[in-house]
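A.B. asks: sequence first, then the predicted structure, then my questions.
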Amino acid sequence: MSIVPPTSYADLLLRHPANPILTGKHWPYPINSVFNAGATRLADGTTLLLCRVEDRRGLSHLCAARSANGVDGWVIDSEPTMMPDPKNYPEELWGIEDPRITFVPELEQYAVTYTSYSRGGPGVSLALTKDFKKFERYGVIMSPEDKDSALLPRKIGGFWALIHRPVTSLGAHMWISYSPDLRHWGSHRLMLEARRGAWWDANKIGLSPPPIETSRGWLVLYHGVRHTPSGCLYRLGLALFDLESPEKVLIRGDSWIFGPEAEYERSGDVNDVVFPCGYTVDPDGDSLNIYYGAADCAIALARASIRELLTWLDANGSCEERRRDQDR
Ligand code: BMA
């Protein structure tokens, strides 16, 4: 941890002037709110958002929205794209939430990990799809309480790798687990710990969008939840993990880099939340379009540069191993 306070904070994620880009008003059928969308760019260049849509019962389903430029002109499925199916998948009784999308070249399919919510609490479920019309469900792959998960796009040492956030009596930390077949999971490893005390990311953290593969490692945007007397504050931080041993953190940023500031982030169904579940990368290989839920009410877009995020980490991060030693 650096002991000299910075002279200014960098603006790494720039809000799009058209924000919020999607709200309930855009929806072709009645809903309460739309937020926390997974994102991908399809082979023809279309941006697809798989949005979490909450109805007036309070239950969520997923609905796809497509746009040629990723900003406006959204074509939204006229009915829910993926509804909870509690008859066949009882873990979806109270809805499905917060999808993350990973394109998996080896399978020639998209892997969608999402929160399935039922009596047992929130767990992690997986479905594969080729077209975001038909989904092959794998059911619960991480039992409750667990969420904030994404699959890595390729095998690591011959095994599929899943980042997720189980909650234990020792806190809510990010873990990574491995599987030979996407069904049986083991070799669980602690990947990133919530800090303690007064830190912005004390006690509860979780993966935000799927990791971004760079030549220097997996670049991870994660959220930290700060509990305050007036509610929770959801903010984003950055960390870099080893490409071939992703449980090994190389650098972790000290300060948060993006937090609720705009009116549509500060006030909504849940105030003070920015919650990205997906991004796309422009053809330049550097420009990121980060799609985030704002105050559990709308979807907003922020732009960033992978190169600038890495440069910021070098200047503002610390080696996690050294930090842990200091913590002992
Ligand atoms: C988290 C998740 C998100 C939600 C956030 C703020 O625990 O459930 O879906 O956006 O809380 O309510």
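C.D. replies: Nice, thanks for sending it over. It should be emphasised that the depicted structure is a prediction, and the values quoted were computed from it without experimental measurement.
A.B. asks: who in the stretch 1-150 of the chain is up against the ligand?
C.D. replies: Counting by CB under 6 Å from any ligand atom, the positions of the stretch 1-150 of the chain adjacent to the ligand are Asn36, Glu97, Asp98. Just so you know, the C-beta spots here come from the backbone N, C-alpha and C atoms, and that holds for glycine as well.
A.B. asks: and the strands in the stretch 201-328 of the chain, which stretches?
C.D. replies: 205-207, 212-214, 217-228, 231-241, 249-253, 274-281, 287-294, 298-305, 317-318 (DSSP state E, counting those that start in this stretch).
A.B. asks: between the residues of the stretch 1-150 of the chain next to the ligand, which has the most around it?
C.D. replies: Counting neighbours by other CB atoms under 10 Å, Asn36 leads those with 29 neighbours.
A.B. asks: what about whichever helix or strand it is part of, distance to the chain center?
C.D. replies: Here Asn36 sits within strand 33-41, counting by DSSP states H and E. With CA atoms, centre = their mean, to the nearest Å as the basis, strand 33-41 stands 10 Å off its chain's centre.
A.B. asks: numbering from 692 from now on, please.
C.D. replies: With 692 as the first residue, the last one maps to strand 724-732.
A.B. asks: that strand packs against which elements?
C.D. replies: strand 713-714, strand 738-745, strand 787-795, strand 800-809, strand 965-972, strand 978-985, strand 989-996 (3 or more CB pairs under 8 Å, 6 or more residues apart in numbering; DSSP states H and E).
A.B. asks: give the contact list for Met774.
C.D. replies: His752 (CB atoms under 8 Å, 6 or more residues apart in numbering).
A.B. asks: and Pro871, by the same measure?
C.D. replies: Going by CB under 8 Å, 6+ apart, Pro871 touches Gly849, Phe850, Trp851.
A.B. asks: now, these that are in strands?
C.D. replies: Among the contacts of Pro871, the members falling in strands (DSSP state E) are Trp851.
A.B. asks: quick check, pLDDT for the residue of the stretch 892-1019 of the chain found nearest the ligand.
C.D. replies: Relative to the ligand, the nearest point of the stretch 892-1019 of the chain is Val961 (3.9 Å; CB to the nearest ligand atom). In this model, Val961 is scored at 98, pLDDT.
A.B. asks: ok, now Leu861?
C.D. replies: Per the predicted model, pLDDT is 88 at Leu861.
A.B. asks: give me the neighbour count for it.
C.D. replies: Neighbours of Leu861 under the rule other CB under 10 Å: 10.
A.B. asks: got it, and Leu881?
C.D. replies: Counted by other CB under 10 Å, the residues lying close to Leu881 total 12.
A.B. asks: what lies in contact with the strand or helix carrying it?
C.D. replies: For Leu881, the element it lies in under DSSP H and E is strand 877-883. Residues from elsewhere that reach strand 877-883, judged by CB under 8 Å, 6+ apart: 850, 854, 864-870, 896, 911, 913, 930, 932, 937-938, 940, 943, 1011.
A.B. asks: repeat that for 10 Å
C.D. replies: Applying CB atoms under 10 Å, 6 or more residues apart in numbering, the contact partners of strand 877-883 are 833, 848, 850, 852-857, 861, 864-871, 892, 896-898, 909, 911, 913, 928, 930, 932, 936-940, 943, 1011.
A.B. asks: of all the strands of the stretch 892-1019 of the chain, which lies closest to Ser699?
C.D. replies: When those are compared for distance to Ser699 using CB to CB, the nearest one is strand 940-944, at 15.5 Å.
A.B. asks: for the closest one, which helices and strands make contact with it?
C.D. replies: Using 3 or more CB pairs under 10 Å, 6 or more residues apart in numbering; DSSP states H and E as the contact test, the elements touching strand 940-944 are strand 877-883, strand 908-919, strand 922-932, helix 997-1007, strand 1008-1009, helix 1011-1018.
A.B. asks: rerun at 7 Å
C.D. replies: With contacts taken as 3 or more CB pairs under 7 Å, 6 or more residues apart in numbering; DSSP states H and E, strand 940-944 sits against strand 922-932, helix 997-1007, strand 1008-1009.
A.B. asks: measure Leu798 to Leu873 for me?
C.D. replies: Going from Leu798 to Leu873 by CB to CB, to the nearest Å gives 9 Å.
A.B. asks: specify the beta-bridge partners of the nearest residue to Leu873 once chain neighbours are set aside.
C.D. replies: Computed as CB to CB, 6 or more residues apart in numbering, the closest residue to Leu873 that is not its neighbour in sequence is Trp851, at 5.5 Å. For Trp851, the beta-bridge partners are Ser870 (DSSP bridges).
A.B. asks: now Ala930: how far from Ala885?
C.D. replies: Counting by CB to CB, the gap from Ala930 to Ala885 is 12 Å.
A.B. asks: next, count neighbours for Gly888.
C.D. replies: Quick note: Gly888 (other CB under 10 Å) scores 6 neighbours.
A.B. asks: just give the number of residues close to the residue nearest to Glu770 when sequence neighbours are not counted.
C.D. replies: The shortest distance from Glu770 to any residue other than its chain neighbours is 6.4 Å, reached at Tyr720 (CB to CB, 6+ apart). For Tyr720, the neighbour count with other CB under 10 Å is 12.
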